[in-house]
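> just coords:
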């Protein structure tokens, strides 16, 4: 018996068939079947009930499952611990990132990561959360980075780094000269916002509801599908907005936009990593996520 066999056993149970497990593990179906048979021979017991269309764990399989889970968790913890010593790692990471993360957060971190791990290449797709999950499920991405938690029975979602949304106004706006304002004062002005369903919009609306305010009562003059478009509209004086501070560093430095603190509201959130439960991330991916956790505050 070895860890590889326990991983295959867990994946067959999680995916519900030998063919689906083979796809997840990048193995042939006969190879998966052979490893399960070897494990059954080792224990002298059948691990799956194959009498139904979807295979089910036998009593022996149900007994083994907690140990298989523990072995996978131990392997993840081992990779996490050893990622601090992997500077000579080689490999190619394929990841998906939602808009704010992919366009504004990761670019500032990819340079330092590349200098520290020069032999790891990264292919990043910037897309929405639904597209990221679809590509992970099809094994086209190792993992994704998303702006809001989601629920999926086949995936692991874990926080990676923090972020904060703040009130952003153009230079020359009545609020631009104030160090801080109340939320009620800010809501008296027209807003330019991200589209409904975006992670940024969701966080903002959830916090307004928590404050007993109705997001539908905001004076929304424009809804746009990208943070860049929102920033351009605010620069042009069409309204004010609430977006990630990570996305406006350049404009603030140039004096085009101003961050105004709110005295009675905070729009903090987490960014999350997402990947398949049945897939062990390559150690290069674990190393990348560890790097993000350690360096995110300085990005």
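Ah, there it is. Please read all numbers here as calculations on a predicted model, not as lab measurements. Numbering: from 1, shown residues only.
> off-centre distance for the helix ranked longest in the chain?
Scanning the chain for the longest helix, with DSSP state H as the assignment, gives helix 59-82. Mean-position distance between helix 59-82 and its chain equals 23 Å (CA atoms, centre = their mean, to the nearest Å).
> elements contacting it?
helix 3-15, helix 283-295 (3 or more CB pairs under 8 Å, 6 or more residues apart in numbering; DSSP states H and E). Using the backbone N, CA and C atoms, a C-beta is placed for each residue, glycine as well.
> where do the helices sit along the protein?
3-15, 18-25, 29-43, 59-82, 99-100, 107-116, 129-137, 183-186, 199-210, 227-235, 249-253, 283-295.
> how about stretch 227-246: buried residues?
Neighbour-count burial for stretch 227-246 flags 227, 230-231, 233-234, 238-244, 246 (criterion: 16 or more other CB atoms under 10 Å).
> starting at the chain centroid, how far to that stretch?
Counting by CA atoms, centre = their mean, stretch 227-246 comes out at 24 Å from the chain centroid.
> do stretch 212-231 as well
23 Å.
> can you pull the buried residues of it?
213, 215, 218, 224, 227, 230, 231.
> quick check: residue 180 touching residue 262?
Yes - counting by CB atoms under 8 Å, residue 262 is a contact partner of residue 180 at 6.8 Å.
> coming back round to it: got CSV for the buried residues of stretch 227-246, with distance to residue 81 too?
CSV is the format used below for the buried residues of stretch 227-246 (distance: CB to CB, whole Å):
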residue, distance to residue 81
227, 36
230, 41
231, 41
233, 47
234, 45
238, 50
239, 48
240, 46
241, 42
242, 39
243, 37
244, 31
246, 29
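> report the two of those separated the most.
Using CB to CB, the two most remote members of the buried residues of stretch 227-246 are 238 and 246, lying 21.9 Å apart.
> centroid residue for the protein?
residue 145 (2.6 Å; CA atoms, centre = their mean).
> any idea of the pLDDT on that residue?
As predicted, residue 145 sits at a pLDDT of 96.
> that one contacts residue 106, doesn't it?
Yes - with contact defined as CB under 8 Å, residue 145 counts as touching residue 106 (7.4 Å).
> identify the contacts common to these two.
Listed as contacting both residue 145 and residue 106 by CB atoms under 8 Å, 6 or more residues apart in numbering are residue 97.
> where does the stretch 51-200 of the chain dip in pLDDT?
51-53, 83-89 (pLDDT under 70).
> mind running it again at 90?
Within the stretch 51-200 of the chain, the stretches with pLDDT under 90 are 51-56, 69-93, 99-100, 116-121, 127-130, 137-140, 147-154, 179, 195-200.
> may I have the phi/psi pair for residue 279?
Phi and psi for residue 279, reported as degrees, to the nearest 10, are phi -110, psi 130.
> roughly how far apart are it and residue 10?
For residue 279, the distance to residue 10 equals 11 Å [CB to CB, to the nearest Å].
> okay, now the closest residue to residue 238 other than its chain neighbours: neighbour count?
Leaving aside its chain neighbours, residue 238 sits nearest to residue 192 (5.6 Å; criterion: CB to CB, 6 or more residues apart in numbering). The number of residues packed near residue 192 is 23, by other CB atoms under 10 Å.
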